[in-house]
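Colleague: Test case, fold it:
(chains A and B)
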There are 2 protein chains.
Amino acid sequence: MSIDVEVQKVSTAVRMLNAADADFAMQLDALLAWESVSDPLVQQRVDEILANVKERGDAAVLAYTAQFDRLSKDRMSDLEVPRARLLQALDNLPAKQRDALQVAADRVQRYHQRQLQSSWQYEEEDGTVLGQKVTPMDRVGIYVPGGKAAYPSSVLMNALPAKVAGVGEIIMVVPTPGGEVNELVLAAAGLAGVDRVFTIGGSQAVAALAYGTQTIPKVDKIVGPGNIYVATAKRAVFGTVGIDMIAGPSEILVICDGQTNPDWIAMDLFSQAEHDEQAQPILISPDLAFLQKVQNSIDKLLPTMERKDIISVSLRDRAAFVAVADLDQACDIANHIAPEHLELSVADPQVWLEKIRHAGAIFMGRYTAEALGDYCAGPNHVLPTSGTARFSSPLGVYDFQKRSSLIMFTEDGASEVGKVASVLARGEYLTAHARSAEYRIKPD
Amino acid sequence: MSIDVEVQKVSTAVRMLNAADADFAMQLDALLAWESVSDPLVQQRVDEILANVKERGDAAVLAYTAQFDRLSKDRMSDLEVPRARLLQALDNLPAKQRDALQVAADRVQRYHQRQLQSSWQYEEEDGTVLGQKVTPMDRVGIYVPGGKAAYPSSVLMNALPAKVAGVGEIIMVVPTPGGEVNELVLAAAGLAGVDRVFTIGGSQAVAALAYGTQTIPKVDKIVGPGNIYVATAKRAVFGTVGIDMIAGPSEILVICDGQTNPDWIAMDLFSQAEHDEQAQPILISPDLAFLQKVQNSIDKLLPTMERKDIISVSLRDRAAFVAVADLDQACDIANHIAPEHLELSVADPQVWLEKIRHAGAIFMGRYTAEALGDYCAGPNHVLPTSGTARFSSPLGVYDFQKRSSLIMFTEDGASEVGKVASVLARGEYLTAHARSAEYRIKPD
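Modeller: Just a heads-up that it's a prediction; the model follows:
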C-alpha cells in the first residue's frame, strides 16, 4: 500500500521553480525544450507514399487506405461522403448538441468576419496607382484526424475561416479506420459548408490533396492537425501547396494574482493536460500560498478525472509552478515562453495585457476559462505552439486570402521613376532591367 | 560559319504554343514544370552543419567561414561590420547612386506603411470583449547572397518592411568570399536601418540565426534568398524560426494586346531572363503578327545584351509565346500559371485586372515595366514564384507582425457561453474542458 501512495504522490506533485533562483532561466528552458520528432524511418516511408500517390493517384490511395485503415473499396468515389449525408448527420444530432454547434459556428463566423481584408489602391500626385489586390484561394484541403481525436470543433475552426475568406471549394479528409465514422464530425462539416469529404487519412491523404488524383482535386493549401505521418507529409509538400504550422503539443500558461478559486485554476491546467501526455500546463503566481492551494486542488480533483492517466503524465513530465516576485516578472516570463494559451487570471487583465508581446491567445479575467476559446468564444483554437507565437499567429481568414501587388505608372511617372531604376539596375549589373526602364524615359 | 549561325537561331527562337491546340494544357504544364532541387547529399551536409553550429556556436561558424568563404578570423566579432562602417559606405557612394537608393527607400517605405496592421477589439452586448492584438517580432534575420548576386535592392526590400513593422532588431548576414565586400550592399543596409551585419553565409549563417551563438543573437524569423544550401537550411529550421517562402527561379508573364512597342516587350522578357538560365519569360497575345514582331526584336536586341549567354539559355529552355483567341483567354491562362510578375501591357488594364485572381505583382499599362517594381515603384520585389501565388503573397509588413487573440468574458457571458462549451466538450469526451467551463456557469 505504501508504494501505491508514493506513486500517486509523484504523479501529482507539480515541480516548483522560483524565478529568483540563479539557474532559473536554465531550468525554465529545460522544461520548455521540446523538439518535433523527426524520424528518418518515418521520413523515408512518407517519401515513398508521396511518390506513389503522385504517380498512381487513386489506385495508390485506395491501396494505402485498405492497408492502414482496414477499409477496402474498389473506387475512390466509394470513399466520398456526399454532402446530403453530412446534412443528415447534422439533422440527426440531439437538439442540444445541434444547437450548441450552431451557436459555436455563429460566434466563430462573426469573429472571423472582422479579419476579412480588402483590396486597396491609392493614387500619387503624378497619377501613379499603387495598391494590393486581396483574393481568396480557389480550393483548400482540411485534414481532420480520425478516431477519438476527431474533434467537430476543429472542423469548424479550420473550415469557417476559409469560408469567410471566400475560398471556392473546401475539401475535407478524415480517416475512418475500419469504416467507423464520427457523426459529430460529419455534422460539423455539414454546418461549416465543407464542399466535399473523403474518408482517407495519413500521408496518402496529404499527398492526394497536394498533387490531386483522378478523383480528388488538387488544393492550394492544406490545414489541420495530424500525427507524425501527417506532419511529415505536410512538411514535405510545403511549397507545392501552402500549409499551416506544424503543431506541437498543447500548452497553457496561467498567470494568477492568487485571488481566483484554486479549483478553477487546477481544472484549467487539467483542460490542457488531458489532451496529451506531452501537453504543458504552467502556473505563475507571486503568491506562494496560492500555489500550494492549487496543488491541494490538483490532489483533490485529479482522482475524479476521466483522463487522469494522461493528465498525471503531463503534470509529472511537463508541468511547473513558477513563483515570482510580482506580476511584472510573470509577464516577462510569459513573453519568454510565448505560450499557445495565456490566462491572465488577475484583477485588471487589461493593464497586464499591455505588457504581453508573445502569445497565441490571451484569456483575460477569472471568468475567461481557456476551454471557452476551444469551442465557442469566437477566436480560432488553432494557435501557434512551442514558442512559435514569437513569429506566428492564430489560424485566421488571412490564412486563406493572398495578395497581389498593383502598380500602374503614367507616361510621366514611368519616366521619372525609370531614371532611378536605371541607376540602381546598372549598379547591380542588370542591364536588361536598366534598358527596359530606360525605354520608358521621355527624351529631355 | 553556318554552324555558328544555326546555334544562334536555336538559342533565340522562342517556342510558340497555341491555346487552340488540343494538347495545349499539357504542353503548358510541361513548360511550367519546375521542382525545387532536393539533393540528399546536400541535405545530409546541411544537417551536419546545422547540428555542428547548434552545438559549438561561434567556433563552428568561424571554421565553416574559413573553409567555404576563404576568410579566416579568430573571433566572431571580427566578422561583424560596425554600423558606422555601413554609414560610411553610404556616404562614400557617388551622389547619383546615393540619391537613387534614397528615392527607392522612400518609395518602398511609403508603400509599406499602408500594410501596417493594428490591434482591434470589440465589445458584445453582454460586455464580452473580443479582439486581436497585433505586435511586431522582436528580432529578425535577413540573408543576403554574396558576390555578384548581392543586390542592394534586396536589402531594402527585406529590411524596410521589418523596419515599418517595428521589429526590434534586424540582423543581416552576407557572405564575403575572400573578404570582398559589396559597398552598395553595405550602403543599403545603412540606409535601411539594419542593426547588425555579420559577413557569414551558407547554411552556417542560417544555423547561427536560427539557434543563436555566443555572438550572434537568435532571431524569430529568417527571410531572404540564397543558394541550395541556404534554401535547404531554411526548410530544415522552419518551425524553430519562421521563414519566408523558398523561392524558385524568376518569371514574367506579359499579356499584350499587340499595341506596345515590340522592343519594349522583348526587353521586359530579357529583364527576367537575365537573372538566371532557369528564369521563365512568357508572352501571351491574340495578335500573331505581334508575336512575330517581338521575335524580330529579340533577334535584333539579344546580341547587344551584356548577359546574352544567360538570356539565350532561358529563352531556349523556358520561354514561350502563347497565341490566344482573345484577352479573356489570356487572363484564364494567367490564372492557371499564377505568375510571379504579370504585365498587363494593354489599353485598359483596370478592366482586365478584374479577371486576374493569381499573380505576385501586376504591372498595368504599357509604361509600367516590371523592372520599375524591382527597384523603386514601392511594392516589394520578393514575390511568390512557381505558381505559389495561388496561395501566397508578396513579402510585406504583415510578414513581420503577428497576432494574439483576445478574449475577455464577464461573469454573465462566461456563464452563457460556458453552457455551450460544456455540451461540445462532453461530445468530444474532454471532460476537464467541460468542467473548467462549468465552474463558471452561474447556478440557476
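
Colleague: quick one, domains of chain A?
Modeller: Here the domain assignment for chain A is A:2-33+A:248-391, A:40-243, A:409-438, based on automatic domain parsing.

Colleague: Tell me which of those domains sits most buried.
Modeller: Of all these, domain A:409-438 has the most neighbours on average by mean count of other Cβ atoms under 10 Å in any protein chain shown, namely a mean of 23. To be clear about C-beta, it is placed using only N, CA and C from the backbone, and glycine gets the same treatment.

Colleague: ok, longest helix in chain A?
Modeller: With secondary structure taken from DSSP state H, chain A has its longest helix at helix A:95-113.

Colleague: so what secondary structure elements neighbour that one?
Modeller: Other helices and strands packing on helix A:95-113, by 3 or more Cβ pairs under 8 Å, 6 or more residues apart in numbering or on different chains; DSSP states H and E, are helix A:152-165, helix A:183-192, helix B:411-427.

Colleague: I'd like to check what contacts that helix. Which residues are they?
Modeller: Applying Cβ atoms under 8 Å, 6 or more residues apart in numbering or on different chains, the external contacts of helix A:95-113 come out as A:90, A:93, A:152-153, A:156-157, A:160-161, A:163-164, A:184, A:187-188, A:191-192, A:375-380, A:396-397, B:130, B:417, B:419-420, B:423-424, B:427.

Colleague: got the angle between that helix and helix A:152-165?
Modeller: Between helix A:95-113 and helix A:152-165, the angle comes out at 40 degrees (axes from the mean of the first three to the mean of the last three Cα atoms, to 10 degrees).

Colleague: Please name the nearest non-neighbouring residue to A:V322.
Modeller: Spatially, and ignoring its direct neighbours in sequence, A:V322 is nearest to A:I284 (4.4 Å; Cβ to Cβ, 6 or more residues apart in numbering or on different chains).

Colleague: Tell me who's in contact with the one you found.
Modeller: Counted by Cβ under 8 Å, 6+ apart, A:I284 has contacts A:253-256, A:321-322, A:324, A:330, A:333-334.

Colleague: Generate TSV for the residues you listed, with secondary structure as supplementary columns.
Modeller: Shown next, in TSV, are these (DSSP: H, G, I helix; E, B strand; the rest coil):
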residue	secondary structure
A:L253	strand
A:V254	strand
A:I255	strand
A:C256	strand
A:F321	strand
A:V322	strand
A:V324	coil
A:A330	helix
A:I333	helix
A:A334	helix
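
Colleague: Need the max-distance pair from those.
Modeller: Farthest-apart pair in the contacts of A:I284 is A:F321 and A:A334; separation 14.5 Å (Cβ to Cβ).

Colleague: where exactly do the strands run in the stretch 101-250 of chain A?
Modeller: Taking DSSP state E, counting those that start in this stretch as the criterion, the stretch 101-250 of chain A carries its strands at A:120-123, A:129-136, A:139-143, A:169-173, A:196-198, A:221-223, A:242-243.

Colleague: residues in contact with the last one?
Modeller: The list of residues contacting strand A:242-243 from outside it, by Cβ under 8 Å, 6+ apart, reads A:137, A:220-223, A:234-235, A:237, B:388, B:391-392.

Colleague: Restricted to helices, list the residues you listed.
Modeller: Per DSSP H, helices hold the following members of the contacts of strand A:242-243: A:234-235, A:237.

Colleague: With distance to chain B and pLDDT added, can I get the residues you listed in a markdown table?
Modeller: A markdown table is the format used below for the ones in helices among the contacts of strand A:242-243 (distance: Cβ to the nearest Cβ, whole Å; pLDDT from 0 to 100):
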| residue | distance to chain B | pLDDT |
| --- | --- | --- |
| A:K234 | 11 | 93 |
| A:R235 | 8 | 88 |
| A:V237 | 12 | 92 |
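
Colleague: circling back: is it true that the residue nearest to A:V322 lies in a helix?
Modeller: No. Counting by three-state DSSP, A:I284 falls outside a helix, being strand.

Colleague: Please name the bridge partners of it.
Modeller: A:I255, A:V322 (DSSP bridges).

Colleague: Distance of it relative to A:T260?
Modeller: 13 Å (Cβ to Cβ, to the nearest Å).

Colleague: residues touching A:K419, list them.
Modeller: Listed by Cβ under 8 Å, 6+ apart, the contact partners of A:K419 are A:437, A:441.

Colleague: Around chain B, pick out the residues from the stretch 101-250 of chain A.
Modeller: Neighbours of chain B within the stretch 101-250 of chain A, by Cβ under 8 Å from any Cβ of the partner chain: A:101, A:103-104, A:107, A:111, A:114-115, A:120, A:122, A:128-130, A:132-133, A:135, A:137-138, A:148, A:151-153, A:184, A:220-221, A:235, A:238-239, A:241-242, A:245-246.

Colleague: go with 6 Å
Modeller: Contacts of the stretch 101-250 of chain A with chain B, taken as Cβ under 6 Å from any Cβ of the partner chain, map to A:103, A:111, A:130, A:135, A:137, A:151, A:153, A:184, A:220-221, A:239, A:242, A:246.

Colleague: among the residues you listed, which two are most distant?
Modeller: By the measure Cβ to Cβ, A:L130 and A:L184 form the most distant pair in these, at 47.8 Å.

Colleague: And the residue of the stretch 101-250 of chain A that's closest to chain B?
Modeller: Closest contact between the stretch 101-250 of chain A and chain B, by Cβ to the nearest Cβ, is at A:G242 (3.7 Å).

Colleague: ok, now the stretch 51-200 of chain A?
Modeller: Chain B sits closest to A:A100 of the stretch 51-200 of chain A, with a gap of 3.9 Å, by Cβ to the nearest Cβ.

Colleague: could you measure that residue against A:E183, distance?
Modeller: 14 Å.

Colleague: again with A:P217
Modeller: Distance from A:P217 to A:E183, by Cβ to Cβ: 26 Å.

Colleague: Over to A:L291?
Modeller: 43 Å.

Colleague: close enough to count as contact, A:K163 and A:D195?
Modeller: No. Applying Cβ atoms under 6 Å as the test, A:K163 and A:D195 come out as separate, 9.8 Å apart.

Colleague: What lies in contact with the helix or strand hosting A:S312?
Modeller: Element membership for A:S312 (DSSP states H and E) is helix A:308-318. The contact list for helix A:308-318 (Cβ atoms under 6 Å, 6 or more residues apart in numbering or on different chains) reads A:11, A:14, A:270, A:273-274, A:277, A:279-280, A:302, A:305.

Colleague: 7 Å instead, please
Modeller: A:10-12, A:14, A:270, A:273-274, A:276-281, A:302, A:305 (Cβ atoms under 7 Å, 6 or more residues apart in numbering or on different chains).

Colleague: With stretch A:73-85 instead?
Modeller: By Cβ under 7 Å, 6+ apart, the residues outside stretch A:73-85 that reach it are A:58, A:61-62, A:65, A:186, A:196-200, A:213, A:215-216.

Colleague: For A:L86, state which of these is nearest.
Modeller: Using Cβ to Cβ, A:L186 is the member of the contacts of stretch A:73-85 that lies nearest A:L86, at 5.1 Å.

Colleague: With that, I have no additional questions.
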